[in-house]
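Engineer: when you get a sec, could you give me coordinates for this:
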Amino acid sequence: FLILLSAILVLILSLCILMTAHATRENGTENGTENAAEAQTPEEELTPEEQAQKALEEAYAIPVESNGIKNWPQGPGTYGDAAIVMEAGTGAILYAKNIDAQEYPASITKLLTTLIALENGEMDDTVTFSHDSIACIQPGDSAIGMKEGDQLTLEQGLYATLLASANEVAYAVGESVGVNAGHDYPWFLEQMNAKCRELGGENSNFVNTSGLHDPNHYTCARDMALIGRELFKYPEFFAMAQTLNYTIPASETTEEHIFQQHHKMMMPENKNYYEYVIGGKTGFTSDALSTLVTMTDNGDMKLICVVLRTQTGNTYSDTRNLCEYVYSNFQKVKVAGLEESKDVKKILDEDETGYVVLPHGIEFQDLKMELEPDGGTSDEATLTYTYEGNVVGSVRGKLSDEYLDEHGAKLKKISTKKEEEKNEKGWTLKEKILAVCIVVSILLILLFIWMLIRRNRRRRRARRIAQRRRRRQAMEQRERNPRRNSRR
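Structural biologist: Have a look, this model is predicted:
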């Protein structure tokens with residue numbers, strides 16, 4: 001009885017404790033909610049100026065990842081969600097803020113459109129404006145007033161795409177380059193995404209050539225820097241990008257169109273002018289906010305600077321601050337004469353690419369080097385240098401005799417492995433064309449052989465028919481001769 005009573009008392013006590021705890025928790029939650037509500041100022045109560053200031057502070061507070069690298073010079077904050085500075089020759093990332101975050105690009109998309117057009121078209125190709133190219137724009141979108149049926153050269157179309165940021169022209173460029181290549185507009189978009197992946201981009205998806213807003217159209221600062229770096233291979237891009245005023249003259253296929261440069265850092269009379277800027281592209285939508293890609297060259301170092309989702313009015317100042325930060329704190333260091341590895345016989349610097357980019361105060365000896373041989377019978381390799389895990393450049397080098405003697409068998413395996421990887425990736429365009437030619441040649445040879453066999457068969461059949469006919473005639477002759485003899 002005492003045991004049963006004790007158990008009942010313990011049960012009642014436990015229930016009381018649980019009920020008290022539950023009530024206390026609910027009360028605390030209500031008080032916390034009320035206090036939090038009192039502590040927070042509703043967004044609606046902020047004035048437009050206060051909302052803008054809050055957005056600036058929040059963007060500026062986003063951490064700069066590169067500032068966390070040991071002994072790395074501390075870079076400035078920016079008033080945007082993402083930013084990057086990449087050195088064009090090596091691809092070294094010298095400043096990084098949220099560089100892999102997916103953001104809407106707006107009209108800086110047109111840089112990739114231009115790249116694909118330059119790769120797949122000729123400047124005197126015809127760009128024709130279809131119904132779809134005109135229908136893609138809405139009131140308020142950037143355009144130069146092209147009409148359905150108008151025609152331009154690809155060169156004129158690219159000037160309008162880059163300088164005037166004309167959305168209907170960007171569509172027509174993509175569509176016409178696709179058609180001229182035997183395909184269509186969706187094919188051009190496929191080339192845009194494939195090129196981005198080929199360059200190393202992993203966080204982008206492009207669904208149009210203009211950058212007009214679409215929830216599935218996005219990129220990141222790193223990917224746009226890679227695209228900008230690739231454009232350094234095309235001098236014609238910079239000739240167009242640096243033009244301040246351009247006129248498409250009136251012709252039988254279009255009216256006259258006049259437009260100007262939009263990138264204010266290339267306008268000598270503008271307060272945002274920056275003498276080192278050699279190219280770039282502006283962008284803005286209400287969803288993307290301001291975006292900007294800028295290429296610079298101070299005579300010693302070429303840079304690509306990208307700022308994304310930047311609060312209005314800060315793209316140019318942020319870009320200038322980032323470029324000045326790099327030019328003031330980094331330098332190119334020639335690898336030749338500094339690399340002491342016994343595996344390397346010589347650093348190759350035929351195109352002045354044998355360098356790394358280092359911050360002042362960091363020595364070449366502080367870097368780690370990873371050697372990747374070409375394999376096979378080649379005596380060359382790629383040497384990649386990193387500092388605290390951050391790539392600062394890669395160079396080409398010749399392997400030492402000792403390395404070749406020691407790793408000869410391994411190099412053959414590397415060559416075999418690369419060949420297998422190549423086979424897994426599929427054939428190149430040239431290989432596909434060669435394969436088609438071989439197949440067509442084989443088919444033609446087989447057709448020729450078949451025709452010969454068929455002709456020979458016909459001849460043999462004709463001979464057999466002729467022989468049978470002659471035999472019948474001979475038999476008939478013999479049959480007629482006995483009858484004549486008997487009548488005699």
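
Engineer: export stretch 325-341 as PDB, just CAs?
Structural biologist: Extracted in PDB, the C-alpha atoms of stretch 325-341 (Å, rounded to 0.1, in the frame of the first residue of the first chain):
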ATOM      1  CA  TYR A 325      43.200  48.200 -54.100                       C
ATOM      2  CA  VAL A 326      44.800  45.600 -56.400                       C
ATOM      3  CA  TYR A 327      47.100  48.000 -58.200                       C
ATOM      4  CA  SER A 328      48.400  49.300 -54.900                       C
ATOM      5  CA  ASN A 329      48.900  45.900 -53.100                       C
ATOM      6  CA  PHE A 330      49.800  43.300 -55.800                       C
ATOM      7  CA  GLN A 331      52.600  42.700 -58.200                       C
ATOM      8  CA  LYS A 332      53.500  40.300 -61.000                       C
ATOM      9  CA  VAL A 333      56.400  38.100 -60.100                       C
ATOM     10  CA  LYS A 334      58.400  36.200 -62.800                       C
ATOM     11  CA  VAL A 335      58.800  32.500 -61.900                       C
ATOM     12  CA  ALA A 336      62.000  32.000 -64.000                       C
ATOM     13  CA  GLY A 337      65.000  32.200 -61.700                       C
ATOM     14  CA  LEU A 338      62.900  31.600 -58.600                       C
ATOM     15  CA  GLU A 339      61.700  28.000 -59.100                       C
ATOM     16  CA  GLU A 340      64.300  25.700 -57.500                       C
ATOM     17  CA  SER A 341      62.500  22.300 -57.900                       C
END
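
Engineer: touching it from outside, list them.
Structural biologist: Stretch 325-341 is contacted by residues 73, 75-76, 85, 87, 89, 94-95, 276, 298, 300-301, 303, 346-347, 349, 354-360, 364, 369, 371, 383, 385, 393, 395, 397 when judged by CB atoms under 8 Å, 6 or more residues apart in numbering. Where C-beta positions appear, they are placed from N, C-alpha and C, glycine not excepted.

Engineer: over to stretch 167-176?
Structural biologist: 107, 109-110, 113, 116-117, 125-130, 132-134, 136-137, 141-144, 146, 152, 154, 157-158, 160-161, 184-185, 188-189, 208-212.

Engineer: against residue 400, how distant is residue 353?
Structural biologist: According to CB to CB, to the nearest Å, residue 353 stands 21 Å off from residue 400.

Engineer: please read the previous query as pertaining to residue 295.
Structural biologist: Counting by CB to CB, the gap from residue 295 to residue 400 is 38 Å.

Engineer: between these two, who's got more neighbours?
Structural biologist: Neighbour count, other CB atoms under 10 Å: between residue 295 and residue 400, residue 295 has more, with 24 against 16.

Engineer: please, where are all the strands along the stretch 251-400 of the chain?
Structural biologist: Applying DSSP state E, counting those that start in this stretch to the stretch 251-400 of the chain gives strands spanning 257-260, 277-285, 289-297, 302-310, 330-334, 344-348, 355-359, 368-373, 380-387, 390-399.

Engineer: the fourth one to strand 355-359, inter-axis angle?
Structural biologist: In this case it means strand 302-310. Orientation check (axes from the mean of the first three to the mean of the last three CA atoms, to 10 degrees): strand 302-310 against strand 355-359 gives 50 degrees.

Engineer: how deep is residue 439 tucked in, by neighbour count?
Structural biologist: Residue 439: 10 surrounding residues under other CB under 10 Å.

Engineer: which helix or strand contains it?
Structural biologist: Residue 439 is located in helix 429-487, with elements delineated by DSSP states H and E.

Engineer: now that helix, how far from the chain's geometric center?
Structural biologist: Centroid separation for helix 429-487 versus its chain: 62 Å, with CA atoms, centre = their mean, to the nearest Å.

Engineer: ditto for stretch 279-293
Structural biologist: Mean-position distance between stretch 279-293 and its chain equals 17 Å (CA atoms, centre = their mean).

Engineer: so for that stretch, mean pLDDT?
Structural biologist: Average pLDDT, stretch 279-293: 97.

Engineer: ends of that stretch, what's the gap?
Structural biologist: 8 Å (CA to CA, to the nearest Å).

Engineer: give the contact list for the closest residue to residue 238 other than its chain neighbours.
Structural biologist: Nearest in space to residue 238, with sequence neighbours left out and distances taken as CB to CB, 6 or more residues apart in numbering, is residue 279 at 4.9 Å. Residues in contact with residue 279 (CB under 8 Å, 6+ apart) are 231, 237-238, 241-242, 294-295.

Engineer: farthest-apart pair in those residues, please.
Structural biologist: Of all pairs drawn from the contacts of residue 279, the one with the longest distance (CB to CB) is 237 and 294, at 13.6 Å.

Engineer: okay, these two: which has more neighbours?
Structural biologist: Neighbours per residue (other CB under 10 Å) separate residue 237 from residue 294, with residue 294 holding more: 28 against 22.

Engineer: could you give the bridge partners of the more buried one?
Structural biologist: For residue 294, the beta-bridge partners under DSSP bridges are residue 280, residue 305.

Engineer: wait, doesn't it sit right on residue 321?
Structural biologist: No. Judged on CB atoms under 8 Å, residue 294 makes no contact with residue 321 at a distance of 11.9 Å.

Engineer: on that earlier part again, CSV for the strands of the stretch 251-400 of the chain, including distance to residue 436?
Structural biologist: Putting the strands of the stretch 251-400 of the chain into CSV (distance: least, CB to CB, whole Å) gives the following:
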stretch, distance to residue 436
strand 257-260, 42
strand 277-285, 38
strand 289-297, 39
strand 302-310, 38
strand 330-334, 45
strand 344-348, 36
strand 355-359, 43
strand 368-373, 33
strand 380-387, 33
strand 390-399, 34
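
Engineer: just these: most buried one?
Structural biologist: strand 302-310 (a mean of 27; mean count of other CB atoms under 10 Å).
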